[in-house]
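Asks: okay, predicted coordinates and the sequence, questions at the end:
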Amino acid sequence: MSAMICWRSSESGKQARYGEGMIALKFLARGAVGPFTGFVWPSPAGSTAGAWVESPPERFPERGIHACLVEHLPYWTDDELWEVELSDEKILCSPMQIVASRGRLVERVAAWTPRLAQEFGQACALKARDRAVELMKQGTRLAEAEQLFACRSIAELERVARPMSAQSKTDSLSNIAGYVADAATFARISDVATASYIAAELARVTSGSMQGFLLERSWQGRWIADRLRLAHGSPHVSV
Amino acid sequence: MSNEASMDITCQELVELVTDYSEGALSHEDRTRFEQHLVMCGGCKEYLREMRKTIAISRKLSDEDLPANVRDDLLALFRKWKAGSLR
Amino acid sequence: MSLVERHHRAMVRLAGAYVPSAVAEEVAQEAWIGVVKGLHKFEGRSSLKAWIFRILINCAQFRGLREARAVPFSALECDAQDRAVPEERFLDAEHPRWPGHWAKYPEPWSDQRLISNETLAMVANAMEGLPLTQREVMRLRDVEGWTSAEVCEALEISEANQRVLLHRARSKVRRAIEPYMSGGEAP
């Protein structure tokens, strides 16, 4: 989890389209509001980027401008996705985010819609379902595996998985069905941050290590990148 | 099913960390873990909002909002006292 | 002069944490005498406000010694009642997936009640019920709007100590108004 200074924008091959800095991504709550601080970001007007926002140097990285590379996206999903320009000598990179001392909103990523977010949550819940189906087959609980596999909607998945989870508090397969039911519940109400987290937690529990969690998050990051066409040749480069 | 512990903090832990969080006393790593929990927990998001509202309400108990320049004015006053002009 | 008077009220309140309220006014007056007498020693190394309140606390402690030996801010209270949220609001350690997570999310607060006088009175009342040290830290920080550095300096406590006291105080006040704010009847 240790963070380090790992990137100098001036040395990057990928320059921003709008200025000097690096283009990264940032999730915000509705109305371009910072999800934790409540800070209202100055929005771009037409093709003019929003005003620069600067963090006080003595409060870095705590009050820095937090942003995402593609692989960080599934950790921070929210209502709106923005391209943000970071202008800095040094950018702090940690496993789930990058932090700069200056940034400005450049453009809303229009492809991240409530509809796409909802699909993302559903994809995560279905991935959890598939994992559970495999494990149930291995555990010779074929009838339950079949029932889960046959579900045609998230609501149905929730209805089917929930009673399976209630069977036993100590049985690990019942518990796995519980994760599936939980993920389906949150996917159904479009709380995609929670649904995707639960799917990654299921991966951690069934693999027995954090590696499973991280791999699931990577899969989720690729899902989002593919749908937003951010994968290759985009300015949103991985370091 | 062996189990490597989750990186997540629990809600029960979060409610004891809110002040360290809002005072900027958490390390970068702990702050990230705190916010990672907030992202996926509607209950803790609400809890943090409530703590902030509690602080905002208590601020209204002040007799009057002390202007930011109170200290400067008072300092000036004391300089006068020091110089003997108010005796 | 109104500025001095303004400080004076805060000083009387703070003195009340150390001595019976009947003598708090007197202690504050003593402190002002000490401030004027000691002015030549004030070099601006600490903030003036912190310096004045330090003198007040010295006076109040000196006065308070006769009545009680206990010195505030010397130790942290710590017991189950200091928990920010009662244990039973969370899933227990036996929960197979989410131990320590909310059993049920807290209810959102009413915006209307946020600005009502009843709410204000309830907060004031909850603060009155706090242990003295917690109450004074919350009062100075949240009501008077002091910075944490100013509070630490004036009360001679560490940043960490101040945070713990502030946290317990705020948590208890939130807890006290929660039933009303989330739609319950006023007590």
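Replies: In hand now; what should we look at? Predicted model, so just to flag it, every value in this text is computed and none were measured. Residues are numbered from 1 along each chain as shown, chains lettered A, B, ... in the order given.
Asks: which element, helix or strand, includes the residue in chain C positioned nearest to chain B?
Replies: Of all residues in chain C, C:Gly100 sits closest to chain B, with a separation of 3.0 Å (C-beta to the nearest C-beta). C-beta here means a position set from N, CA and C on the backbone, and glycine is covered the same way. Under the assignment given by DSSP states H and E, C:Gly100 is not contained in any helix or strand.
Asks: in chain C, which ranges drop under the pLDDT threshold?
Replies: C:1-3, C:5-6, C:64-81, C:186-187 (pLDDT under 70).
Asks: now with 80?
Replies: C:1-6, C:16-23, C:36-48, C:61-82, C:185-187 (pLDDT under 80).
Asks: in chain B, what residue comes closest to chain C?
Replies: For chain B, C-beta to the nearest C-beta, closest residue to chain C: B:Thr10, 3.0 Å.
Asks: ok, B:Gly43 to chain A distance?
Replies: Distance, B:Gly43 to chain A, using C-beta to the nearest C-beta, to the nearest Å: 10 Å.
Asks: buried stuff in the helix or strand hosting that residue?
Replies: Per DSSP H and E, B:Gly43 falls inside helix B:42-59. Neighbour-count burial for helix B:42-59 flags B:42-48, B:50-51, B:53-55, B:57-58 (criterion: 16 or more other C-beta atoms under 10 Å in any protein chain shown).
Asks: which one of those residues is nearest A:Trp76?
Replies: Ranked by distance to A:Trp76 (C-beta to C-beta), these are led by B:Lys45 at 13.4 Å.
Asks: for the closest one, what are its contacts?
Replies: Shown in contact with B:Lys45 (C-beta atoms under 8 Å, 6 or more residues apart in numbering or on different chains): B:Leu38.
Asks: separation between it and C:Ser21?
Replies: Distance of B:Lys45 to C:Ser21, given as C-beta to C-beta, to the nearest Å: 41 Å.
Asks: if we can go back for a sec, now, the most widely separated pair of the buried residues of helix B:42-59?
Replies: Largest pairwise distance in the buried residues of helix B:42-59, by C-beta to C-beta, is 25.0 Å, between B:Gly42 and B:Ser58.
Asks: show me the helices in the chain, by range?
Replies: Unless you meant another one, I'm taking chain A. Secondary structure of chain A (DSSP state H): helices at A:114-138, A:142-149, A:154-166, A:172-188, A:192-207, A:210-228.
Asks: my question was about chain B, not that one.
Replies: So, for chain B - with DSSP H - the helices run B:11-22, B:28-39, B:42-59, B:70-82.
Asks: okay, domains of chain C per the record?
Replies: Taking automatic domain parsing as the domain assignment, the ranges for chain C are C:3-67, C:107-187.
Asks: does the longest one come close to chain A?
Replies: Right, domain C:107-187. No: on the criterion C-beta under 8 Å from any C-beta of the partner chain, domain C:107-187 is out of touch with chain A, staying 12.7 Å away.
Asks: let me know whether that domain sits next to chain B.
Replies: Yes: legend: contact between domain C:107-187 and chain B by C-beta under 8 Å from any C-beta is shown at C:107-109, C:114, C:119-120, C:123-124, C:127, C:138, C:142-145, C:148, C:159-160, C:163, C:166-167, C:170-171, C:173-174, C:177-178, C:181.
Asks: just the buried members of those?
Replies: For the residues of domain C:107-187 next to chain B, buried by 16+ other C-beta under 10 Å: C:109, C:119, C:123, C:127, C:138, C:142-144, C:148, C:163, C:166-167, C:170-171, C:173-174, C:177-178, C:181.
Asks: in chain A, where is pLDDT below threshold?
Replies: Residues of chain A that meet the cut-off, pLDDT under 80, sit at A:1-20, A:88-90, A:167-170, A:230-239.
Asks: 50 - rerun?
Replies: By pLDDT under 50, the low-scoring segments of chain A are A:1-18, A:232-235, A:237-239.
Asks: what residues does it have near chain B?
Replies: A:1-3, A:35-36, A:59, A:61-63, A:75-78, A:92, A:94, A:96-97, A:99, A:172, A:191, A:193-194, A:196-198, A:201, A:204-206, A:208-210, A:213.
Asks: of these, buried ones?
Replies: For the residues of chain A next to chain B, buried by 16+ other C-beta under 10 Å: A:3, A:35-36, A:61-63, A:75-78, A:92, A:94, A:96-97, A:99, A:191, A:193-194, A:196-198, A:201, A:204-206, A:213.
Asks: could you export the helices of chain B as CSV, including distance to A:Glu54?
Replies: Shown next, in CSV, are the helices of chain B (distance: least, C-beta to C-beta, whole Å):
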stretch, distance to A:Glu54
helix B:11-22, 21
helix B:28-39, 19
helix B:42-59, 23
helix B:70-82, 26
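Asks: among the ones you listed, which comes closest to C:Glu30?
Replies: Closest approach to C:Glu30 among the helices of chain B is made by helix B:70-82 (17.2 Å; C-beta to C-beta).
Asks: up against chain A, what does chain B have?
Replies: Going by C-beta under 8 Å from any C-beta, the residues of chain B near chain A are B:1-4, B:6-8, B:24, B:26, B:28-29, B:31-32, B:35-36, B:38-42.
Asks: in PyMOL, how would I select the buried members of the residues you listed?
Replies: Burial among those is assessed by 16+ other C-beta under 10 Å; the matching PyMOL selection reads:
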select buried, chain B and resi 7+8+26+28+31+32+35+36+38+39+40+41+42
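Asks: before we move on, the earlier item: ok, which of the helices of chain A comes nearest A:Trp82?
Replies: Shortest distance between A:Trp82 and these, using C-beta to C-beta, is found for helix A:210-228: 12.2 Å.
Asks: can I get the CA coordinates of that closest one in CSV?
Replies: This file holds the C-alpha atoms of helix A:210-228, laid out as CSV (Å, rounded to 0.1, in the frame of the first residue of the first chain):
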residue,chain,number,x,y,z
MET,A,210,-5.8,-10.4,-1.3
GLN,A,211,-4.5,-11.3,-4.7
GLY,A,212,-8.0,-12.6,-5.6
PHE,A,213,-9.5,-9.3,-4.6
LEU,A,214,-7.0,-7.3,-6.7
LEU,A,215,-7.4,-9.6,-9.8
GLU,A,216,-11.2,-9.1,-9.6
ARG,A,217,-10.7,-5.3,-9.4
SER,A,218,-8.5,-5.5,-12.5
TRP,A,219,-11.2,-7.4,-14.3
GLN,A,220,-13.6,-4.7,-13.3
GLY,A,221,-11.2,-2.0,-14.5
ARG,A,222,-11.0,-3.7,-17.9
TRP,A,223,-14.7,-3.9,-18.1
ILE,A,224,-15.1,-0.2,-17.6
ALA,A,225,-12.2,0.7,-19.9
ASP,A,226,-13.6,-1.5,-22.7
ARG,A,227,-17.0,0.1,-22.4
LEU,A,228,-15.6,3.6,-22.3
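Asks: that helix and chain C, are they touching?
Replies: No: Helix A:210-228 stays clear of chain C (C-beta under 8 Å from any C-beta), getting no nearer than 14.1 Å.
Asks: how far does that helix sit from the chain's center?
Replies: Distance of helix A:210-228 from the chain centroid (C-alpha atoms, centre = their mean, to the nearest Å) equals 8 Å.
Asks: try stretch C:153-161
Replies: So, by C-alpha atoms, centre = their mean, the centroid of stretch C:153-161 is 12 Å from its chain's centroid.
Asks: could you do stretch A:171-181 as well?
Replies: The answer for stretch A:171-181 is 23 Å, by C-alpha atoms, centre = their mean.
Asks: quick check: buried residues in that stretch?
Replies: For stretch A:171-181, a neighbour-count test (16+ other C-beta under 10 Å) marks A:173-181 as buried.
Asks: who's in contact with the most centrally placed residue in chain A?
Replies: Centroid-nearest residue in chain A: A:Pro74, 1.0 Å away (criterion: C-alpha atoms, centre = their mean). Contacts for A:Pro74 (C-beta under 8 Å, 6+ apart) come out as A:196, A:200, A:217, A:220-221, A:223-224.
Asks: from those residues, keep the buried residues only.
Replies: Using 16+ other C-beta under 10 Å, the buried ones in the contacts of A:Pro74 are A:196, A:200, A:217, A:220-221, A:223-224.
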